[in-house]
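> Got a sequence here, can you build the structure:
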Amino acid sequence: MTRRLLSALAAGALVATVAGCGMFPQPRTTSTPTAEQVPAALAPYYTQVLVWSDCGDGMECTTARAPLDWSAPDEADDIELALVRQPATTGNLEGSLFVNPGGPGASGYDFVKDSVDFAVSDDLQERFDVVGWDPRGVGRSTAVDCYDGPELDEFLFGNPADAELEVGSPEYVEAATADARDFAAACLERSGDLLEFVDTESTVSDLDMLRAIVGDPQLHYLGYSYGSDIGARYADRYPQKVGRVVLDGATDSQLSSFDVSLAQTSAFGDALRAYLTDCLDQSECPFTSSVDDAIAEVRAVLERLDDSPIRAPDGRALTSSYMSTAIQSALYDEASWEYLTQAFTEVEAGQSETAFLLADFYVDRDENGEYASNMFEAFYAINCVDYPVERDPAVLAEQAERLVEADPIAEPGDLDTLGDVVCAEWPSSFRGDLGPVEGDGAAPIVVVGTTGDPATPYEWAEALSDQLESAVLLTYVGEGHIAYDENDPCIVGAVDAYFLEGTVPEDGLVCTG
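Presented below is the predicted three-dimensional model:
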């Protein structure tokens with residue numbers, strides 16, 4: 001059986017679950033929209049009054065309406081957008097601070113409701129209404145739905161090669177294409193016309209409407225990972241409405257899906273080397289020689305799992321697909337490296353508990369085999385309409401070679417030349433523009449990059465800060481995905497001073513942790 005490369009399931013920030021608590025002011029039960037000059041067909045959306053209700057732990061929740069198709073609001077049904085907010089804990093209110101955790105497909109609602117202390121600092125909570133929302137297609141909003149738990153297990157971790165098919169053979173291509181076609185058909189059957197309108201540009205339109213109906217003339221926004229793409233595109237389309245915007249774990253909006261995969265594959269390879277370097281200094285490390293030798297051992301582990309998967313108590317077989325996902329999950333955060341060491345140690349002993357724990361955490365699968373969110377269904381749906389699909393066989397073959405070369409644990413034959421087979425079968429296609437964003441006339445925007453970030457490589461932050469005319473670049477020297485959650489005083493201090501006082505960090509400021 002062949003295995004997925006480490007980049008195959010790349011997504012946004014993994015979210016800790018830390019419940020918010022404390023004393024809060026009395027809820028403000030309704031919002032007062034700003035007065036906006038918008039086309040008559042959009043006025044009912046921009047003037048809607050949100051009614052907030054208590055949803056526990058000091059949080060308030062509500063639902064907004066948005067047109068399915070912003071270009072023709074009268075021609076289709078509305079969709080719903082689920083929001084949650086923690087009101088500012090003091091009376092010195094700066095307005096709303098919208099937060100998005102990334103993905104695409106991660107729930108901003110859950111991120112704020114369950115993890116507000118992880119999302120933003122206490123100082124920001126004091127003076128901002130912290131608002132999370134599920135973008136269209138995601139979670140509690142009108143959402144993409146494709147498969148139930150067992151079917152999604154098979155789709156994410158199964159592989160046509162399970163049937164002993166030779167990778168690249170006509171039979172393999174037929175099986176892989178059939179899997180993709182079945183998934184796309186199930187998404188269309190369950191989700192309908194929504195699939196055409198879950199693109200990021202539509203989400204940007206939603207965000208501008210949400211800004212207006214919570215009563216803010218300008219957008220204050222903290223976007224992590226893919227959330228930075230939302231923020232950058234917002235600044236490009238609505239530069240005069242930009243308030244204080246921070247984009248952490250920045251993406252580069254002009255890249256193709258292959259460019260994204262290639263950069264992530266290389267960055268995850270670098271992160272794996274960093275993990276192994278650290279592991280070899282630890283007494284409990286299951287690897288015993290050099291980093292290069294350890295990489296060869298990791299490759300051997302994956303090959304053994306394909307030949308002899310380890311059966312878990314729930315009946316699942318730990319294959320290389322699961323193990324690769326476990327590796328990727330742990331590489332998002334240096335604090336998870338010890339669990340990766342434990343997973344490798346267990347696998348050598350014929351055990352799979354920690355490997356499945358890491359893989360399940362990554363895809364938001366609970367111990368009962370249910371997926372707590374639709375994150376990966378939304379991930380595919382959004383990406384398939386956000387990027388054009390490459391179909392030229394010669395180009396796809398060349399791309400596969402480059403991906404294998406970039407992955408330190410890949411070998412020739414590990415990856416087929418089908419390219420993005422799911423999006424090739426998708427019922428809706430890309431209609432946008434992969435050109436650079438500029439944000440001409442926007443207020444200063446803070447772009448944050450982490451030098452060892454495997455999911456949003458540091459060069460993306462450099463590229464985005466060059467594209468946005470008003471951007472300044474803030475660099476965190478360290479490992480892991482995104483910087484603000486590392487609680488580094490330099491990063492948190494600079495970001496918070498910008499949000500609270502409007503103090504723009506010096507362009508090129510470097511924080512060394």
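> from what I can see Phe268 touches Ala330, true?
No: here Phe268 lies out of contact with Ala330, judged by CB atoms under 8 Å, at a distance of 10.8 Å. Just so you know, the C-beta spots here come from the backbone N, C-alpha and C atoms, and that holds for glycine as well.
> neighbour-wise, which of the two wins?
Ranked by neighbour count (other CB atoms under 10 Å), Phe268 and Ala330 place Ala330 first, with 29 against 26.
> Got phi/psi on that one?
phi -70, psi -30 (degrees, to the nearest 10).
> and it, what is it in contact with?
Contacts here follow CB atoms under 8 Å, 6 or more residues apart in numbering; on that basis Ala330 touches 275, 336-337, 339-340, 343, 358.
> Most neighbours of all those, which one?
Neighbour-wise, the contacts of Ala330 (other CB under 10 Å) top out at Ala343, 28 neighbours.
> before we move on, what SS does it have?
Under DSSP: H, G, I helix; E, B strand; the rest coil, Ala343 falls in the helix class.
> Could you check how far it is from Ser266?
Here Ala343 is placed at a distance of 23 Å from Ser266 (CB to CB, to the nearest Å).
> Pro427 too?
Distance, Pro427 to Ser266, by CB to CB: 32 Å.
> Can you list the buried residues in stretch 352-363?
For stretch 352-363, the neighbour count (16 or more other CB atoms under 10 Å) marks 352, 354-363 as buried.
> got any ranges where the chain has weak pLDDT?
Across the chain, the ranges flagged by pLDDT under 70 are 1-28, 159-165.
> which stretches of the stretch 1-150 of the chain form strands?
53-54, 60-67, 78-86, 95-100, 128-133 (DSSP state E, counting those that start in this stretch).
> show me the residues around Phe155 that make contact.
Neighbouring residues of Phe155 by CB under 8 Å, 6+ apart: 147, 179, 183.
> Run a quick neighbour tally on the second one.
Number of residues near Asp179 (other CB under 10 Å) recorded here: 18.
> shouldn't Trp70 be in contact with Thr203?
No: using CB under 8 Å, Trp70 is not in contact with Thr203, being 10.1 Å away.
> Look at those two and report which has more neighbours.
Taking neighbours as other CB under 10 Å, Trp70 and Thr203 compare with Thr203 leading, 26 against 19.
> Quick one: residues contacting the nearest residue to the more buried one once chain neighbours are set aside.
Nearest non-adjacent residue to Thr203, counting by CB to CB, 6 or more residues apart in numbering: Pro135, 4.6 Å away. Residues near Pro135 by CB under 8 Å, 6+ apart: 81, 100, 104, 108, 141, 198, 203, 206, 230.
> any chance you could read off phi and psi for Leu276?
Dihedral angles for Leu276 - degrees, to the nearest 10 - are phi -70, psi -40.
> mind listing what it touches?
Contact analysis of Leu276 by CB under 8 Å, 6+ apart lists 287, 291, 294-295, 298.
> Could you measure from Asp366 over to Gly419?
32 Å.
> More neighbours: which of the two?
With neighbours defined as other CB under 10 Å, Asp366 and Gly419 compare such that Gly419 has more, 21 against 11.
> can I assume that one is in contact with Glu390?
Yes: the pair Gly419 / Glu390 is scored as a contact, 5.4 Å apart, by CB under 8 Å.
> Quickly list what's touching both of the two.
Common neighbours of Gly419 and Glu390 (CB under 8 Å, 6+ apart) are 258, 396, 399.
> which one is the second one nearest to, not counting chain neighbours?
Yep, that's Leu396 we're talking about. Leu396 sits nearest to Gly419 (CB to CB, 6+ apart), 4.3 Å away.
> per the record, what domains does this protein have?
What automatic domain parsing lists as the domains of the chain is 40-142+196-255+442-511, 149-195+373-424, 257-363.
> Ok, which of these comes nearest Gly432?
domain 40-142+196-255+442-511 (5.8 Å; CB to CB).
> measure the closest one end to end?
In domain 40-142+196-255+442-511, first residue to last residue: 48 Å (CA to CA, to the nearest Å).
> residues near Asp74, how many?
The burial count for Asp74: 7, using other CB under 10 Å.
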